[in-house]
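Student: quick one: sequence plus predicted model below, questions after.
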Amino acid sequence: MYFVVAGAGEVGFHLSQALLEAGHEVTVIEADRRRANFVQEKLGSIVLNAAADEGRAQMEAGCSRADAVIAVTGDDAKNLVICQLAKHKCRTPRVIARVNNPKNEIVFKTLGIDETVSSTRVLMGVIEQELPSGGFMPLMPLAGSANEVIEAEIASGTPPAGKTIGSLRLPTGALVGVVVRRGKLLHPDEDTKLEVGDRVIVFSATASESEVRKALFG
Amino acid sequence: MNVVIVGCGRVGGFLAGLLDSEGHHVSVVDIAAISPARAERAWFQHLPSSFKGEPILGDGTDLEVLRQAGIEQADAVLALTEGDNRNLMTAQIAKKIFGVKRVIAKVNDPVRAQMYRQMGIDTLSRTSILGTLLFAMLMEDREVGEVLLRKALAHEEEIAHEPVKVR
């Protein structure tokens, strides 16, 4: 397959190398001349020294015949524009954006960039899953809307421990969809009492995430 | 009108002053480029001393900062930073996430300006506007830009005669 990688920082460089090793065809676009030369020395003549957020550079790199354009610069706004340019100007069938600020994942989705990767989010997920108790993890955004699914574990000494779901001070619109208690699924209603160790799956507006966290952990 | 302006450089400051003096409610968002102390000076540098609106320190692509600036009640949002990409991101957030009716982004690259206009985001390219105007002036084409020039010069006069506030 043919991939255009926009940005030859650490992520772009190693991604390009891995794609080449997997037998794919790659062009990497890098605006900084020195960095472009460095990558050219290491990976061969697959580098285009140009600004990936300009239509002309994308045309030159062959984005219109690429199977995917992957924007991995350190600037979220630039990655957004690179992906939108590729999608609308070059009709690239698949665009993937790196987001540095995890809050931007939902913004990108709303603006039509469905595939995003946030290293911050991945690392937070790993760390929070490892927490012995009181874990709070946004699992995934719900496609095509500004909503998401959150998983949280009820810890002792927090507001919901021993209380009913109806008494939780969740933000408007948020809903406890299911409770996992000792490995079994429970379909909760207003009167379901939460126990320490329960894992609750909450559906909520992404913007209200911090209020959900507050309701569950005080 | 409630207006949110993102980016308080020369253009942002100029426009904020104009709208404010006409009685509109204006919030201006700008980010700390180097240090907060310097950014604060940078902000106010281009705002007229009479400015009564709200300056807000923060990233204009951050939803929380935009909420703080009152984007949910805004009739218009103008994205006027020095970065085309940031302006385009702010403009799309304003239009698609907050549903603001009037949104304009300053985009210096004419190619990007044209593409996003096709996608429904109003853009204004300093490059093509200023270039066209300069060309018209040289060719003594009075039809193009005469009204615009007269207005711009009048605003310049007002600003030039404004007393300087010591901070």
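Tutor: Arrived safely, thanks for sending. This is a predicted model, so every value here is computed, not measured.
Student: please count neighbours and contacts with C-alpha atoms only from this point.
Tutor: Will do.
Student: is it true that A:Gly173 touches A:Val202?
Tutor: No - using Cα atoms under 8 Å, A:Gly173 and A:Val202 do not qualify as a contacting pair, with a distance of 10.5 Å.
Student: which one's more surrounded, those two?
Tutor: A side-by-side neighbour count of A:Gly173 and A:Val202, using other Cα atoms under 10 Å in any protein chain shown, places A:Val202 first with 22 against 9.
Student: separation between that one and chain B?
Tutor: Using Cα to the nearest Cα, to the nearest Å, A:Val202 is found at 22 Å from chain B.
Student: next, count neighbours for the spatially closest residue to that residue that is not a sequence neighbour.
Tutor: Computed as Cα to Cα, 6 or more residues apart in numbering or on different chains, the closest residue to A:Val202 that is not its neighbour in sequence is A:Val176, at 4.4 Å. Residues lying near A:Val176 (other Cα under 10 Å) number 21.
Student: which positions in chain A make contact with chain B?
Tutor: A:Glu54, A:Gly55, A:Ala77, A:Lys78, A:Leu80, A:Val81, A:Leu85, A:Lys89, A:Val107, A:Thr110, A:Leu111 (Cα under 8 Å from any Cα of the partner chain).
Student: which pLDDT value belongs to the second one?
Tutor: This means A:Gly55. Turning to A:Gly55, the model gives it a pLDDT of 86.
Student: what sits against it?
Tutor: A:Leu85, A:Ala86, A:Lys89, B:Val111, B:Arg112 (Cα atoms under 8 Å, 6 or more residues apart in numbering or on different chains).
Student: show the contacting residues for the fourth one.
Tutor: When contacts are counted by Cα under 8 Å, 6+ apart, B:Val111 is found next to A:Glu54, A:Gly55.
Student: list phi and psi for it.
Tutor: Dihedral pair for B:Val111: phi -70, psi -50, per degrees, to the nearest 10.
Student: before we move on, the earlier item: farthest pair in the contacts of A:Gly55?
Tutor: A:Ala86 and B:Val111 (13.1 Å; Cα to Cα).
Student: and for A:Asp191, the neighbour number?
Tutor: If you count neighbours by other Cα under 10 Å, A:Asp191 ends up with 11.
Student: gap between it and B:Lys95?
Tutor: Remark: distance between A:Asp191 and B:Lys95 (Cα to Cα, to the nearest Å) = 41 Å.
Student: next: A:Thr172.
Tutor: In terms of Cα to Cα, A:Thr172 sits 24 Å off from B:Lys95.
Student: pretty sure A:His67 sits against A:Thr92.
Tutor: Not His; residue A:67 is Asp. Yes - contact criterion Cα under 8 Å: A:Asp67 and A:Thr92 qualify, at 6.6 Å.
Student: which one of those two has more residues nearby?
Tutor: Here A:Asp67 and A:Thr92 are compared on neighbour count by other Cα under 10 Å; more neighbours surround A:Thr92, at 21 against 14.
Student: surely that one touches A:Gly62?
Tutor: No - taking contacts as Cα under 8 Å, A:Thr92 lies outside contact range of A:Gly62: 9.6 Å.
Student: burial of the nearest residue to B:Gln73 once chain neighbours are set aside, as a residue count?
Tutor: Counting by Cα to Cα, 6+ apart, B:Gln73 lies nearest to B:Asn2, which is 6.9 Å off, once chain neighbours are set aside. By the criterion of other Cα under 10 Å, B:Asn2 has 17 neighbours.
Student: how near is B:Asn2 to B:Asp62?
Tutor: Distance of B:Asn2 to B:Asp62, given as Cα to Cα: 19 Å.
Student: what does whatever helix or strand A:Glu148 lives in contact?
Tutor: A:Glu148 is part of strand A:147-153, with elements assigned from DSSP states H and E. In this structure, residues lying in contact with strand A:147-153 by Cα under 8 Å, 6+ apart are A:133-142, A:196-207, A:216.
Student: give me the buried subset of these.
Tutor: A:133-138, A:141-142, A:196-206, A:216 (16 or more other Cα atoms under 10 Å in any protein chain shown).
Student: helix, strand, or coil at the residue of chain A positioned farthest from its centre?
Tutor: Of all residues in chain A, A:Asp191 has its C-alpha farthest from the mean position, at 34.9 Å, by Cα atoms, centre = their mean. Reduced to three states with DSSP: H, G, I helix; E, B strand; the rest coil, the structure at A:Asp191 is coil.
Student: and what of A:Phe108?
Tutor: helix.
Student: show me what from chain B comes close to chain A.
Tutor: Residues of chain B found near chain A (Cα under 8 Å from any Cα) are B:Asn85, B:Arg86, B:Leu88, B:Met89, B:Gln92, B:Ile93, B:Lys96, B:Ile97, B:Val111, B:Arg112, B:Met115.
Student: tell me which two of those sit farthest apart.
Tutor: Going by Cα to Cα, the pair spanning the residues of chain B next to chain A furthest: B:Ile97 and B:Val111, at 24.6 Å.
Student: low-confidence ranges, chain B, go.
Tutor: Within chain B, the segments meeting pLDDT under 70 span B:32-44, B:162-167.
Student: which residues of it fall in strands?
Tutor: B:2-6, B:25-30, B:54-57, B:76-79, B:102-106, B:122-124 (DSSP state E).
Student: pairing partners for the last one, with directions?
Tutor: When pairing is defined by DSSP bridges, strand B:122-124 lines up against strand B:102-106 (parallel).
Student: any idea how far the strand it pairs with is from the chain center?
Tutor: 8 Å (Cα atoms, centre = their mean, to the nearest Å).
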